[in-house]
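**Student:** Sequence plus the predicted model coming up.
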Amino acid sequence: MTERSELTIRGRIVSASVVLDDGVVLTSRERITAVRSFAQWRAVHPDLPEPPFSGTLLPGLVDIHNHGGFGHRFDTVDAAAARAAASAHHASGSTTVVASVVTGPAAEMVAQTAVLRELAEEGVLGGIHVEGPFLSESRCGAQDPRFLRDPDLHLTDQLLAAGGARLRAMTLAPERPGYVELARRLVDHGVVVALGHSDADYLTFRDALYPNGSGGLVTHLANGMPPLHHRDAGPVAAALVAAAAGDVFLELIGDGVHVDPGFAALVFATAPERVALVTDAMQAAGLGNGEYRLGPQSVTVRDGVARVGNGSIAGGLSTLLQCVARAVHESGISLRDAVLAATCTPATALGLPDVGDLRPGHFADLVTVDDDLQLRRVLRRGQWLS
């Protein structure tokens, strides 16, 4: 890392607030102070040397569903390992990472949440997402079925106490007995209720999407739920209808494995400003074939796909910037919509402050890429990562 200082970064700007073919982002210490066109900057600074053109400037990416990567895990009580996972994703362009805890023994989930809270309070993590254990056995995917259970308020209170205000979201299956009371408890504590790993029918899933009126979240749409069918619409249709109405946000794993590019195009066409691209990354992200772990289970990576022993896909292997590139190059999504889905939308979905956009007052989090969306440099909190 380099020392924090005042920076003037020039390039093509693509963000929620502004799109400029030739713009300048000004930072001081860890905050953005101004975003201007280059012509405006030159008019104010006629005598300064012209800053070099750095390529395309994007806000630092925001990944709200991430189990680890680059050999490290978030489902751990080893703070150094979790910190290493976060740092590796920061360097790949995801300057804000919400760490996801996977289903496991209750005491382990609570202990892991407590460790992640400390890192979130340091600013290393953007928050915590708990995925399970109140999920459907028939749609468990890579969640270990041995530890799935009906909603339990006592365990939930333990998780809430361990995570505090840093616990941002929890994934639940709405068909399990006790869902309504548990969802209310989460909403009362400011936690976003995310529906997923569910075998619910259309009406059950639709009615459960609104525990706090609006603003809910669907965990990795189409994965961990029945496929969309014209005579049995199920959770996918319920989620798409609600997102199109502006009521919920939809996670979409953009790694090219979990969903077909055409399905991704359908989701963006239905509700482009409600899509949150996520990686669902796990320990093997950024690495190659081999044996890894996700929670209590062993994972085998072969030919670019991670699977647990039952054959289910066990998380993603891509970075969020790679997901953005796939959305653009394979699904035909506009660059602005793809960037929005990896920055402002996920930040809004979980109420993460001061990230996800290039605007004065926000953290100086910025990614520079080339014309093919290949990473050049990452600025996080006003520091270049290299």
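**Tutor:** Arrived safely.

**Student:** tell me what the top strand by length along the chain is packed against?
**Tutor:** In the chain, assigned by DSSP state E, the strand with the most residues is strand 19-28. Packing partners of strand 19-28 (3 or more CB pairs under 8 Å, 6 or more residues apart in numbering; DSSP states H and E): strand 7-14, strand 31-37, helix 38-44, strand 53-59. C-betas here are computed from N, CA, C, even on glycine.

**Student:** export these to a markdown table and tack on distance to Glu330 and mean pLDDT?
**Tutor:** Output for those, formatted as a markdown table (distance: least, CB to CB, whole Å; pLDDT from 0 to 100):
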| stretch | distance to Glu330 | mean pLDDT |
| --- | --- | --- |
| strand 7-14 | 19 | 98 |
| strand 31-37 | 30 | 98 |
| helix 38-44 | 32 | 96 |
| strand 53-59 | 18 | 98 |
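
**Student:** Put together JSON lines for the ones you listed, with mean neighbour count and distance to Glu291 on each row.
**Tutor:** Formatted as JSON lines, these follow (neighbours: other CB atoms under 10 Å; distance: least, CB to CB, whole Å):
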{"stretch": "strand 7-14", "mean neighbour count": "21", "distance to Glu291": "39"}
{"stretch": "strand 31-37", "mean neighbour count": "18", "distance to Glu291": "43"}
{"stretch": "helix 38-44", "mean neighbour count": "14", "distance to Glu291": "50"}
{"stretch": "strand 53-59", "mean neighbour count": "21", "distance to Glu291": "34"}
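
**Student:** and those as TSV, adding distance to Pro174?
**Tutor:** Formatted as TSV, the helices and strands packed on strand 19-28 follow (distance: least, CB to CB, whole Å):
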stretch	distance to Pro174
strand 7-14	36
strand 31-37	39
helix 38-44	50
strand 53-59	33
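
**Student:** closest one to Leu379 among the ones you listed?
**Tutor:** strand 7-14 (7.4 Å; CB to CB).

**Student:** Adjacent strands (with direction) for that closest one?
**Tutor:** Applying DSSP bridges, strand 7-14 is found paired with strand 19-28 (antiparallel), strand 53-59 (parallel).

**Student:** Can you lay out those as TSV showing distance to Val328?
**Tutor:** As requested, the strands paired with strand 7-14 are exported to TSV (distance: least, CB to CB, whole Å):
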stretch	distance to Val328
strand 19-28	15
strand 53-59	11
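
**Student:** Which one, of those strands, ends up nearest to Gly315?
**Tutor:** By CB to CB (comparing all of the strands paired with strand 7-14), the closest turns out to be strand 53-59, at 24.3 Å.

**Student:** counting contacts, what elements does the helix or strand following the closest one pack onto?
**Tutor:** The element immediately downstream of strand 53-59 (helix or strand, assigned by DSSP states H and E) is strand 62-66. Packed against strand 62-66, as judged by 3+ CB pairs under 8 Å, 6+ apart, are the following elements: helix 79-91, strand 96-102, strand 127-131, strand 248-253, strand 275-278, helix 344-349.

**Student:** The same query, at a cut-off of 6 Å, please.
**Tutor:** Where contact means 3 or more CB pairs under 6 Å, 6 or more residues apart in numbering; DSSP states H and E, strand 62-66 is packed against strand 96-102, helix 344-349.

**Student:** Take these and lay them out in TSV including distance to Val192, mean neighbour count and mean pLDDT.
**Tutor:** Listed next are the helices and strands packed on strand 62-66 as TSV, based on distance: least, CB to CB, whole Å; neighbours: other CB atoms under 10 Å; pLDDT from 0 to 100:
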stretch	distance to Val192	mean neighbour count	mean pLDDT
strand 96-102	10	29	98
helix 344-349	7	24	98
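
**Student:** so can I have CSV of these showing distance to Arg117?
**Tutor:** Output for these, formatted as CSV (distance: least, CB to CB, whole Å):
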stretch, distance to Arg117
strand 96-102, 10
helix 344-349, 19
